[in-house]
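Engineer: Can you look at this prediction? I've put the sequence above it.
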Amino acid sequence: MNYLPKSLAAGFVLAMFASTTAFAATHPVTGETLAEDQTFTYSMIDEITSADPQIVEDVEGSAFVRDLFEGLMNQDADGNLIPGVATGYTTNNAKNVYTFTLRKNAKWSDGNPVTAHDFVYAWRRLADPATASPYSWFAEIMALENVGAVMSGDASPDALGVTALDNHTLEVRLTASLPYFAAMTTHASTYPSPKWRVRTFGDDWTKPGNIVGNGAYVLTEHIPMERAVRERNPLYWNNNATIIDKVVTLIINDENVDFTRYLANELDKGGVPTGQFKRLKEDYPDQATSFPRLCTYYYTFNLSPSGQEALQDVRVRQALSYAVDRSVITDKILQGGQIDAFTFTPGATAGFEVPPVAFGQMSQDERNAEAKALMSAAGYGSDNPLNLEVMYNTSDAHKKIAIAIQQMWKETLGVKATLANQEWKTFLKTRGSQNFDVARGGWCGDYNEASTFLDLMTTPSGYNDGKFSNAEVDQLMLDARTMSDATANYTRVEEIMANEMPLIPIYHYTGMFMLKPNLKGWPYNNVEQNWYSRDLYKVAK
Amino acid sequence: MIVANKNKIKEMASNLTDSKAGRSLWKDARIRFMRNKAATVSLFVLIAIVIFSFIGPYFAVWSNEQIDWNAMGSAAKVGMPSIQSGHFFGTDDLGRDIYSRVIQGTQISLMVGVLGATVAVIVGTLYGAISGYLGGRVDQIMMRIVDILMSIPYMFVLILLLVVFGRSIGMLFIGIGLLSWLDMSRIVRGQTLNLKNKEFIEAAKVTGVSDFKIITRHIVPNLLGIVAVYATLLVPGIILAESFISFLGLGVQEPATSWGALISEGAGTINYDTEWQLLFPLAFFVVSLFCFYFIGDGLRDALDPKER
Amino acid sequence: MFNYIIKRIGVAIPTLLILIAVSFYLMHAAPGGPFTSERPFPPQVLANIEAKYGLDQPVWNQLLNYLWGILTEFDFGPSYKYHDRDVNEIIGQGFPITLKYGFWSFIVAVGIGISLGAIAAIRKNTWIDYLAVGVSIGAQVLPNFVMAPLLIIVFTLWLGWLPGGGWNGGSWEYLIMPVIALSTSYMASIARITRSSMLEVLNTNYIRTARSKGLPTKTIFFRHVLKPSLLPVISYLGPAFVGLITGSVLIDIYFSTGGMGYYFVNSAFNRDYSVMMGITILVGGLTILFSLIVDLLYAWVDPKIRY
């Protein structure tokens, strides 16, 4: 090499230098110029419950885990299923046996290959009573073979209906026909865990330095209640497509301080303080976003024998529901683009079409008139006012909505409603023991299909705190389990609910956040909001 | 020269015995208090606030719970303080009139603050004086009880009160009363330890005055200075504690409100162009506290027998 | 004096035990438990989980197990909410943070408070008196939940001088705002108590004697006035210091410091029994310790006080 002329060597070096800078600068697909610093900083309102995929139980924790681990399937920006660790899957006609084929190049961050055995270990762990996972009920929803016996301790976890046919083939056997089973493997609880690390470190295995994951990032720093840092995992099978190098999570307990710090550019993504969305959308149109969520806010009536006599009268329930001016709540109080709800299931749910129930079609004035008529027919009015107690769990937003509804009922129907708030656990106990007249509730779907909502209305449901019981609804939901297209049943159930009014659907949630305009790649169209840091990127300003 | 006229004698006799009416120590204290300008002004301001809270409703256009549907959600644009709309102090985010709410909150907060402080003073002073004066084992036990009560997780006590007794204003007072006297008793005990070694107490003991009389007639009156100051220091803490307790569901429930609740609601929105939501209740709160503090200092200065 | 200290330490142990027992029973009496959630477990699963944590046993049994765990292994139990950590870790991480900003707040509050109170007392009823007291009152009267967000808006958003929160191991930029917010809560109380107490001392006979002897004011002040004036201040500061630690919830919430105050309140709502008990024991221990220190300081400040 000594005889290579200096100028040529210099030129060679210069060319290499130029090409490396050119490579770092543009997005491979969209061609946008990327920013120098690819660090994504966002806030959470509280520390995560755990970084262990089988134990994590909160939404923010799931996002955390989605960066550190990867499941069989992922979701793309629109929420469609795409391959994750699994390249694909097949299923039988009865839709109760699924076979997943795993890719051969997936690795853990310590170099070990990801195998089907890791998934078997993880799922058994999820159902194992010795793990005491607060999310073990998800295994039950997955309807794995023998899951009930395993969870109660009557069978060993080996009996669970999941087997590794070989290192890269996973077979799952279910006790029910679930056409949407593959979608459930995007859930953090189903992610694999490294058995050798868990065995060695026990409860400490999720600490930086001990933790090993198969996701796009590795946890490098975790100071509880303050911050967490995850950095690029070079061994991730798709590392070349990852653009964000570092993700920093800050814990900020107060939503107003969170917004202040977002404005001060300490955060790339921040929350929207209650009731401020409309104003922020006007002031920062390219930063404030809202999107539909798979959750419904409602007031449930106590229909059990311990409830008020008046509530047993369907006319009273209908009147109370009609008199609620939902547009005031969504437009004036919440202002986040929430959707008025006249059915329990939100329209954003996959495969669900909102049936045009009668009272949803009327104008609010018509509803108010109808409500007055119903109420006086039932024997109540200003001369004989109805007394109700509305219970809600301590929160500013719940309080505002309750106050508004209290006033609406007073002005339209002369109802005397007293408000009672209780802190969360006490509230759950009180509501769960049917110790209320009207109680606030909010339900989020566990998966993107209507039964996750409507199953609550069945008699045996453990979440049916109002104790609504209707034989036709029970039968319809039972049948729906085995039908390939249960839309007709779901529509009929919603119609029954509109007639019987066991609860007052108020609004369907939307999520809101502020996002700096140079942060791109956010999956706005994914209604489950399963976002992955590896899909995000920052463009140069 | 002997005065012969009987009437003249009577006149002279009455002149001799006609002395000015005696001045008690309490009267001295009152005169000194009135001389303290800051304290007197504060007293009048406080009385004015109380009167306002009773008369104010007659001028109110909106009740404290009525929602102005037009202003709901648009407080920054429509809810500003104005005379025409009848919202003299503006509206909150729900469109409720802050003027009426501040008035109603004044009644509750002042009542809670004054009553709470009074209870703390009475219980705390007696407890601390007895403990400090008796000393020895009694003192040990009494103070260790105070230590325990201070360390018990207060949150659970409140939750249990709510569950067992249900929601009521009475529970609010119990919730506040349980804690507020503890610090006072400590301070009083400290002062008592110092006082009981003074010569005049020794004298009282030697002359056979009973313990009870010594405590009530010699120790407590000499503590009143520090007690007055500390009692007024308790008031803001009590007012804010009330808002926390009500927030948990134990005390004052919507639509009734208090200064603490109004301030904390207003504090959340300072960034969003609705400053009046914070400023009005905060102004009332701050002004009242200044008054309480100056009155406390005035009382202390007035009650100190060594003052000239 | 030494005997007295030994006696007090001896009394501390049964005091702590009573505190632990009472708190333990209180906690378990509240409705709901750590596993009460919107999606309740199937009964069999719940039974298994509770068995794992020993929550299915009678309360007195759990209490004894808890005490045994502490005495034999110094293990204060797991956290039921933050599954990856146990109480030792949580307190071990949170307490030093709270202690650091609490300590500095204390120094600032005491330093400024006593100074302002002394100035006010010496220049009684002049404008200096009113100003000194007024300034400290003005700072205290603004509730923490108003001041903290305001500080962030001013120093982080408008001026950009300080970070908006976090701790970063306690470097000074992260300390400033928490210390400002916390120290102002106590300054006025300290100032007013100092002023009141000092006025009483200034009126005593022995000070009059010292003045008539012709001693310079500075000597009178530092050698004769200051110490006896401190008695009620010390009474106040003992519990106030402990209060700084428990009452720092708002500081932790607004400034994301990761301190212990947040856990103190939150563990009640989460029914995180072990964390709550751990903090209660810590607070109880500190309260008892500071009671002792306060009593010892009384003896130093007032030579007539003997135990």
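Structural biologist: Thanks, I have it. Numbering: from 1, shown residues only, chains lettered A, B, ... in the order given.
Engineer: any weak-confidence spans in chain C?
Structural biologist: Residues of chain C that meet the criterion pLDDT under 70 lie in C:247.
Engineer: one more time with 50, if that's ok
Structural biologist: Applying pLDDT under 50 to chain C picks out no residues at all.
Engineer: tell me, how many neighbours does residue C:7 end up with?
Structural biologist: Residue C:7 has 12 neighbours, counted by other CB atoms under 10 Å in any protein chain shown. From N, CA and C alone the C-beta is placed, and that goes for glycine too.
Engineer: Surely it is within a strand?
Structural biologist: No: read with DSSP: H, G, I helix; E, B strand; the rest coil, residue C:7 is helix and lies in no strand.
Engineer: mind listing what the residue in chain B that chain A sits nearest to touches?
Structural biologist: Proximity of chain B to chain A (CB to the nearest CB) peaks at residue B:73, 3.1 Å away. Applying CB atoms under 8 Å, 6 or more residues apart in numbering or on different chains, we find residue B:73 in contact with A:275, A:278, A:331-333, A:335, B:93, B:95.
Engineer: Of the residues you listed, which is the most crowded?
Structural biologist: That'd be residue B:93 among the contacts of residue B:73, by other CB under 10 Å, with 27 neighbours.
Engineer: what are the ranges of the strands in the stretch 101-250 of chain C?
Structural biologist: Remark: strands of the stretch 101-250 of chain C are absent; assignment by DSSP state E, counting those that start in this stretch.
Engineer: Would the lengthiest helix in chain C count as contacting chain A?
Structural biologist: The residue-count maximum for a helix in chain C (DSSP state H) belongs to helix C:87-122. Yes: using CB under 8 Å from any CB of the partner chain, helix C:87-122 comes into contact with chain A via C:90, C:93-94.
Engineer: Do that helix and chain B come into contact?
Structural biologist: No: using CB under 8 Å from any CB, helix C:87-122 stays clear of chain B, coming no nearer than 9.1 Å.
Engineer: Quick check: phi and psi at residue A:290.
Structural biologist: The phi and psi values for residue A:290, taken as degrees, to the nearest 10, are phi -130, psi 150.
Engineer: Please apply the same query to the one 3 residues further on.
Structural biologist: According to degrees, to the nearest 10, the main-chain angles of residue A:293 amount to phi -120, psi 160.
Engineer: was I right about it contacting residue A:510?
Structural biologist: Yes: the pair residue A:293 / residue A:510 is scored as a contact, 5.9 Å apart, by CB atoms under 8 Å.
Engineer: near chain C, which residues of the stretch 251-400 of chain A?
Structural biologist: When proximity is defined as CB under 8 Å from any CB, the stretch 251-400 of chain A approaches chain C at A:251-254, A:256-257, A:260-261, A:263-264, A:266.
Engineer: try it again with 10 Å
Structural biologist: Residues of the stretch 251-400 of chain A lying near chain C by CB under 10 Å from any CB of the partner chain: A:251-254, A:256-267, A:393-394.
Engineer: Taking these, please make a PyMOL selection of just the buried ones.
Structural biologist: In PyMOL, a selection of the buried entries from those looks like this (16 or more other CB atoms under 10 Å in any protein chain shown):
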select buried, chain A and resi 251+252+253+254+256+257+258+259+260+261+262+263+264+266+267+393+394
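Engineer: which stretches of the stretch 151-300 of chain A form strands?
Structural biologist: A:162-166, A:169-173, A:217-223, A:227-232, A:246-251, A:269-271, A:288-301.
Engineer: Can you give the strand pairings for the longest one, parallel or anti for each?
Structural biologist: Pointing back at strand A:288-301 there. strand A:438-444 (antiparallel), strand A:503-515 (antiparallel) (DSSP bridges).
Engineer: Could you tell me which other helices and strands the helix or strand just after the longest one packs against?
Structural biologist: Sequence-wise, the next helix or strand beyond strand A:503-515 is strand A:519-520, with elements assigned using DSSP states H and E. The elements that strand A:519-520 packs onto, with contact taken as 3 or more CB pairs under 10 Å, 6 or more residues apart in numbering or on different chains; DSSP states H and E, are strand A:39-44, strand A:537-538.
Engineer: who touches the last one?
Structural biologist: In this case it means strand A:537-538. With CB atoms under 10 Å, 6 or more residues apart in numbering or on different chains as the test, strand A:537-538 has contacts from A:27-30, A:32, A:34-40, A:242-245, A:268, A:516, A:518-521.
Engineer: Just the buried ones from those residues?
Structural biologist: The neighbour-count test (16+ other CB under 10 Å) applied to those identifies A:34-35, A:38, A:40, A:242-244, A:268, A:516, A:519-521 as buried.
Engineer: from those, which is closest to chain C?
Structural biologist: residue A:268 (14.1 Å).
Engineer: and stretch C:34-46, how far from the chain's centre?
Structural biologist: 36 Å (CA atoms, centre = their mean, to the nearest Å).
Engineer: try stretch A:515-528
Structural biologist: Worked out by CA atoms, centre = their mean, stretch A:515-528 lies 16 Å from the chain centre.
Engineer: Same check on stretch A:94-102?
Structural biologist: 25 Å.
Engineer: that older thread, columns mean pLDDT and distance to residue C:200 on top of the helices and strands packed on strand A:519-520, output as CSV?
Structural biologist: Formatted as CSV, those follow (pLDDT from 0 to 100; distance: least, CB to CB, whole Å):
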stretch, mean pLDDT, distance to residue C:200
strand A:39-44, 94, 51
strand A:537-538, 92, 65
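Engineer: got those strands as CSV, with distance to residue A:166 columns?
Structural biologist: CSV is the format used below for the helices and strands packed on strand A:519-520 (distance: least, CB to CB, whole Å):
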stretch, distance to residue A:166
strand A:39-44, 38
strand A:537-538, 37
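Engineer: Looking at those strands, which is nearest to residue A:380?
Structural biologist: Minimum separation from residue A:380 across the helices and strands packed on strand A:519-520 (CB to CB) falls at strand A:39-44, 46.2 Å.
Engineer: does any part of the closest one sit near chain B?
Structural biologist: No: Strand A:39-44 does not reach chain B (CB under 10 Å from any CB); its nearest approach is 15.9 Å.
Engineer: Beyond that strand, next helix or strand please.
Structural biologist: helix A:59-68.
Engineer: That next one packs against which elements?
Structural biologist: Judged by 3+ CB pairs under 10 Å, 6+ apart, helix A:59-68 is in contact with strand A:39-44, strand A:217-223, strand A:227-232, strand A:246-251.
Engineer: Could you rerun that using 7 Å?
Structural biologist: For helix A:59-68, the contact count by 3 or more CB pairs under 7 Å, 6 or more residues apart in numbering or on different chains; DSSP states H and E identifies strand A:217-223 as packing neighbours.
Engineer: Can you give me the buried ones in the strand it packs on?
Structural biologist: Quick answer for strand A:217-223 (16+ other CB under 10 Å): A:217-219, A:222-223.
Engineer: thinking again about what came up before, including mean pLDDT and distance to residue C:119, could the strands of the stretch 151-300 of chain A go into CSV?
Structural biologist: Listed next are these as CSV, based on pLDDT from 0 to 100; distance: least, CB to CB, whole Å:
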stretch, mean pLDDT, distance to residue C:119
strand A:162-166, 94, 76
strand A:169-173, 95, 77
strand A:217-223, 93, 42
strand A:227-232, 94, 42
strand A:246-251, 95, 41
strand A:269-271, 93, 45
strand A:288-301, 91, 51
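Engineer: Now tell me which helix or strand of chain B has the poorest mean pLDDT.
Structural biologist: Here the helix or strand of chain B ranked lowest by mean pLDDT, DSSP states H and E is helix B:6-17, holding a mean of 75.
Engineer: And the next helix or strand past that one?
Structural biologist: helix B:25-35.
Engineer: what does the following helix or strand past that next one rub up against?
Structural biologist: Using DSSP H and E, the helix or strand that follows helix B:25-35 towards the C-terminus is helix B:37-55. Here helix B:37-55 makes contact (CB atoms under 7 Å, 6 or more residues apart in numbering or on different chains) with B:33-34, B:103, B:106-107, B:110, B:284, B:287-288, B:290-291, B:294-295, B:297-298, C:130.
Engineer: All good on my end, thank you.
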